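Colleague: Pasting the sequence and the predicted coordinates here, then a few questions.
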Protein chains: 2
Amino acid sequence: MKGPGRRPGPSRTREAILDAAREGFATRGYERTTIRGVAGGAGVDPALVHHFFGTKEELFVAAVEPPVRPGEILPKLIAADPERFGEQVIRVFLSVWDAQPNRDVILALLRSAVSNDRAAAIFRGFVAAELVPAIGAVVGPANAAYRATLLATQLVGLAVIRYIIRAEPVASADPETLARSIGPTIQRYATGDAV
Amino acid sequence: MKGPGRRPGPSRTREAILDAAREGFATRGYERTTIRGVAGGAGVDPALVHHFFGTKEELFVAAVEPPVRPGEILPKLIAADPERFGEQVIRVFLSVWDAQPNRDVILALLRSAVSNDRAAAIFRGFVAAELVPAIGAVVGPANAAYRATLLATQLVGLAVIRYIIRAEPVASADPETLARSIGPTIQRYATGDAV
């Protein structure tokens, strides 16, 4: 995407900016990532980043949009096999985030949310707007917010230990092992007697 | 502790430096915390910080030393009531970290470990040197590393959601509610069929 003599179209330029933004937020966190730095990484003018995405906060929201939406996937998983919902959530979670370049999305989200209050607020907004209704669709609205946030404690902790702190043996455990170990936790938080 | 006309003794000076270090690591993370900044926060000369603690990494290790050692507390909890071990772990965890100024210790540890590879390595070292033997003392050495790291996924995730991202209702849930919800997860990871 970079260098002179190459004129990418708008959608490739947009993707190049998002890639550079994810790389910045994932490695340097929210505060130390700048529009100027992202523009440099994407080989474009900073004005173009503003044109496509607006403020740094808006760029962050676009950069950390998850490739899979909980509101779409969770109701499908519960319908397909209600007893194995928790295991399936872990399988899908790992299949999405174990893969590059998705990994940069969750690193960008977590590194930023842990270091910056604005990014933390965006994360809270994601839980409220996406995860709570998704769990509500699975088990009904009663206690959906508490169930969804319990789920978030386990999934965020798994991501932090596996992808960021990389503590073994969880960091390189195979997905099936983790689905058996952690799936029942998700099952209980979403549908069981945890509440 | 600060200001002229006040000459604290060595142990109070040491505590003032540790407090300033925790505040720095907790709010700014590992990389942006400097010996010079910590010295300024404590009202002492940077050379004194080096004298007491050595390098920034050594200062970090001293600053995030937990007020309760897993190797001491976990065997006591399992001996006192093996069936309620998991709930008790959550009660102790929250009683330690809900309290100020302890809160700064876990914020310093997590914000630093998530943003910096050296701090992440120190966290991994803590899990290997403290948590794994503690779980080994509870359930024997077989799979102690995997059980301990599973435990870490849930406890780290709880801390991130409750103390850093502050997603409700987990952020202000009372400890008994969380002990009932999350205790069985800890019980199963430490002693149950999760492995």
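Modeller: Okay, I see it.
Colleague: Give me the number of neighbouring residues for the closest residue to chain B within chain A.
Modeller: At 2.2 Å from chain B, residue A:157 is the closest residue in chain A, using CB to the nearest CB. Using the backbone N, CA and C atoms, a C-beta is placed for each residue, glycine as well. By the criterion of other CB atoms under 10 Å in any protein chain shown, residue A:157 has 24 neighbours.
Colleague: Equivalent analysis for residue A:89, please.
Modeller: Neighbours of residue A:89 using other CB under 10 Å come to 27.
Colleague: My understanding was that it contacts residue A:185; is that so?
Modeller: No. Counting by CB atoms under 8 Å, residue A:89 does not reach residue A:185; the two are 9.8 Å apart.
Colleague: mind checking which helix or strand the residue of chain A closest to chain B is in?
Modeller: Assigned by DSSP states H and E, residue A:157 falls within helix A:144-159.
Colleague: Just want the angle from that helix to helix B:144-159.
Modeller: 130 degrees (axes from the mean of the first three to the mean of the last three CA atoms, to 10 degrees).
Colleague: chain center to helix A:144-159, what's the gap?
Modeller: 13 Å (CA atoms, centre = their mean, to the nearest Å).
Colleague: Could you report the pLDDT at the residue nearest the centre of chain A?
Modeller: Centroid-nearest residue in chain A, with CA atoms, centre = their mean: residue A:106, separated by 4.2 Å. At residue A:106, the pLDDT value in this model is 94.
Colleague: And chain A, what are its domain boundaries?
Modeller: Annotated domains of chain A cover A:10-63, A:70-191 [automatic domain parsing].
Colleague: what is the rounded mean pLDDT of the first one?
Modeller: Yep, that's domain A:10-63 we're talking about. Mean predicted lDDT for domain A:10-63 stands at 94.
Colleague: Which stretches in chain A count as strands?
Modeller: Using DSSP state E, no strands are found in chain A.
Colleague: In it, where's the longest helix?
Modeller: Assignment by DSSP state H gives helix A:10-28 as the longest helix of chain A.
Colleague: Return the set of buried residues in it.
Modeller: A:13-14, A:16-26, A:28 (16 or more other CB atoms under 10 Å in any protein chain shown).
Colleague: Could you export that helix as CSV, CA atoms only?
Modeller: C-alpha atoms of helix A:10-28 as CSV (Å, rounded to 0.1, in the frame of the first residue of the first chain):
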residue,chain,number,x,y,z
PRO,A,10,-10.6,4.4,-1.5
SER,A,11,-11.5,1.0,0.0
ARG,A,12,-7.9,-0.2,-0.1
THR,A,13,-6.8,3.1,1.4
ARG,A,14,-9.4,2.7,4.1
GLU,A,15,-8.2,-0.8,4.9
ALA,A,16,-4.6,0.4,4.9
ILE,A,17,-5.5,3.1,7.5
LEU,A,18,-7.4,0.6,9.6
ASP,A,19,-4.5,-1.9,9.5
ALA,A,20,-2.1,0.9,10.6
ALA,A,21,-4.5,2.0,13.3
ARG,A,22,-4.8,-1.5,14.7
GLU,A,23,-1.1,-2.0,14.7
GLY,A,24,-0.7,1.3,16.6
PHE,A,25,-3.4,0.7,19.2
ALA,A,26,-2.3,-2.9,19.6
THR,A,27,1.4,-2.2,20.2
ARG,A,28,1.4,1.3,21.7
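Colleague: Thank you kindly, that will do.
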